[in-house]
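**Q** predicted model and sequence below, questions to follow.
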Amino acid sequence: MSDSARHSNAMSSVPILLGTAVTTSQRWVTDMERVGVNGFTITTNIDLGIGNTTALDAARTVRSWTQLPVAVSGGFSATDDSAFTSPDWDILTAGRSITDATVPAGAAARILELAHSTERHS
């Protein structure tokens, strides 16, 4: 990251996470780091549904290219224990796995329990 981008980044109290295509390139990630973004977000299309690993796979790739925070949305549910132990994401965005659940509050509680019980994200 350039000194001017780091300074600009430090001056802002609003974190900027860029939406990242699942097919992004290392060069793009590096270029975005240089201009001072705070992290990256990988989101799957809502039509792919729960249980699709596209976002988690993309997070693994982006994580290998950057130490900035990586947010992931999609591809997991309250029953996917292994997704919560992954070192490939820093921020988890839950949507349909909660809103479409039979008992949304129960699904949200389970996701919180899983996220808080792992050594990686405690």
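**A** The structure has been received and is ready for your questions.
**Q** now find how far off-centre stretch 106-122 is within its chain.
**A** Put simply, stretch 106-122 sits 15 Å off its chain's centre (C-alpha atoms, centre = their mean, to the nearest Å).
**Q** run through who's touching that stretch.
**A** Residues from elsewhere that reach stretch 106-122, judged by C-beta atoms under 8 Å, 6 or more residues apart in numbering: 77-79, 81, 84-87, 92, 94, 97-98, 101. Yep, even glycine has a C-beta here, placed from its N, CA and C like the rest.
**Q** what subset of the residues you listed is buried?
**A** 77-78, 84, 86, 92, 94, 97-98, 101 (16 or more other C-beta atoms under 10 Å).
**Q** which one of those residues sits closest to D57?
**A** When these are compared for distance to D57 (C-beta to C-beta), S86 wins out at 10.4 Å.
**Q** Three-state assignment for the closest one, please.
**A** coil (DSSP: H, G, I helix; E, B strand; the rest coil).
**Q** my guess is it meets A55, correct?
**A** No: with contacts counted by C-beta atoms under 8 Å, S86 stays clear of A55, the gap being 10.9 Å.
**Q** for the protein, just list every one of the strands.
**A** 17-20, 39-43, 70-73, 91-93 (DSSP state E).
**Q** turn these into a markdown table, including distance to G106 and mean pLDDT.
**A** Below are these laid out as a markdown table (distance: least, C-beta to C-beta, whole Å; pLDDT from 0 to 100):
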| stretch | distance to G106 | mean pLDDT |
| --- | --- | --- |
| strand 17-20 | 28 | 89 |
| strand 39-43 | 24 | 90 |
| strand 70-73 | 20 | 89 |
| strand 91-93 | 17 | 85 |
